[in-house]
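Trainee: Have a look at this prediction, sequence included:
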Amino acid sequence: MKVRKPGDGFDDGEATAPAMEEASLCEELNRVYEAVDLAAEALIRLHGPRLRCRRGCRACCIDGLTVFEVEAMYIQHRHARLLEEEEAHPEGACAFLSPEGDCRIHESRPYVCRTQGLPLRWIEEASEGEMVELRDICPINDPGPPVEELPERACWSIGPVEECLARLQGSRDDGRLRRIRLRSLFRHS
Ligand code: SF4
């Protein structure tokens, strides 16, 4: 697995073909994130005070998160200095948490971090090929109407954005859909 080192490619001013390809993937990913944020904001408005996600709450910022390589590349592109010079948060929480408990890459955080805390729904294959819909929400946001009873439009559907990310990723790794540990992006991890 080749992981781009912080500082490679984008920062040296060379318009190489791989760098051009990565720049265009970053632009596409940016559009995906903008659409995700827009849809997530609509759900945040819909659920109002039920969602207690606040700056400083780090319940979702667990250690060991992995992302598609294309999302890792996006972070490397935008935070080369941080990855090169700063220390990863000690093991036990996400490497990108600051000592104060903030996300150091908030504006570039991966997809999974943009929808945490929302009521989630997804379809899974149960026994004998039967498809079932499952739901979940962060325990901190659980008090309120049961998530099982919410209309579909009031939940974040897991699947479509993942497919979109897989398509972007597949365009650069022959469909192998490699995933990268966030912690591994740091030079000092
Ligand atoms: S990238 Fe940021 S928001 Fe996502 S888990 Fe890490 S610290 Fe939390």
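Mentor: Yep, it's here.

Trainee: C-alpha from now on. contacts and neighbour counts both.
Mentor: Will do.

Trainee: mind listing what's buried in stretch 121-140?
Mentor: 121, 135-138 (16 or more other Cα atoms under 10 Å).

Trainee: Close to the ligand: what parts of the protein are there?
Mentor: The chain comes close to the ligand at residues 61-62, 94, 96-97, 103, 105-106, 109, 113, as judged by Cα under 6 Å from any ligand atom.

Trainee: ok, which pair from the buried residues of stretch 121-140 is furthest apart?
Mentor: Arg121 and Cys138 (12.4 Å; Cα to Cα).

Trainee: Per-residue confidence, Ala39, what does it come out as?
Mentor: Ala39 carries a pLDDT value of 98.

Trainee: most neighbours, which of the residues of the chain next to the ligand?
Mentor: The member of those that has the most neighbours, counting by other Cα atoms under 10 Å, is Phe96 with 26 neighbours.

Trainee: Check the offset of the helix or strand hosting Glu41 from the chain's centre.
Mentor: According to DSSP states H and E, Glu41 maps onto helix 17-47. Taking Cα atoms, centre = their mean, to the nearest Å, one finds helix 17-47 lying 10 Å from the centre of the chain it belongs to.

Trainee: give me phi/psi at the residue of the chain found nearest the ligand?
Mentor: Nearest residue of the chain to the ligand (Cα to the nearest ligand atom) works out as Cys61 at 3.6 Å. Cys61 adopts backbone torsions of phi -90, psi 70, taken as degrees, to the nearest 10.

Trainee: Make JSON lines out of the buried residues of stretch 121-140 and add pLDDT and secondary structure.
Mentor: Listed next are those as JSON lines, based on pLDDT from 0 to 100; DSSP: H, G, I helix; E, B strand; the rest coil:
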{"residue": "Arg121", "pLDDT": "98", "secondary structure": "strand"}
{"residue": "Arg135", "pLDDT": "98", "secondary structure": "strand"}
{"residue": "Asp136", "pLDDT": "97", "secondary structure": "strand"}
{"residue": "Ile137", "pLDDT": "98", "secondary structure": "coil"}
{"residue": "Cys138", "pLDDT": "97", "secondary structure": "coil"}
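
Trainee: Not counting its neighbours along the chain, what's nearest the residue of the chain closest to the ligand?
Mentor: Nearest residue to Cys61 in three dimensions, chain neighbours excluded: Cys94, at 5.2 Å (Cα to Cα, 6 or more residues apart in numbering).

Trainee: Check the secondary structure at that neighbour for me.
Mentor: coil (DSSP: H, G, I helix; E, B strand; the rest coil).

Trainee: where does this structure have low pLDDT?
Mentor: Residues of the chain meeting the criterion pLDDT under 70: 1-20.

Trainee: Which parts of it are strands?
Mentor: 66-68, 120-125, 131-136, 156-157, 179-181 (DSSP state E).
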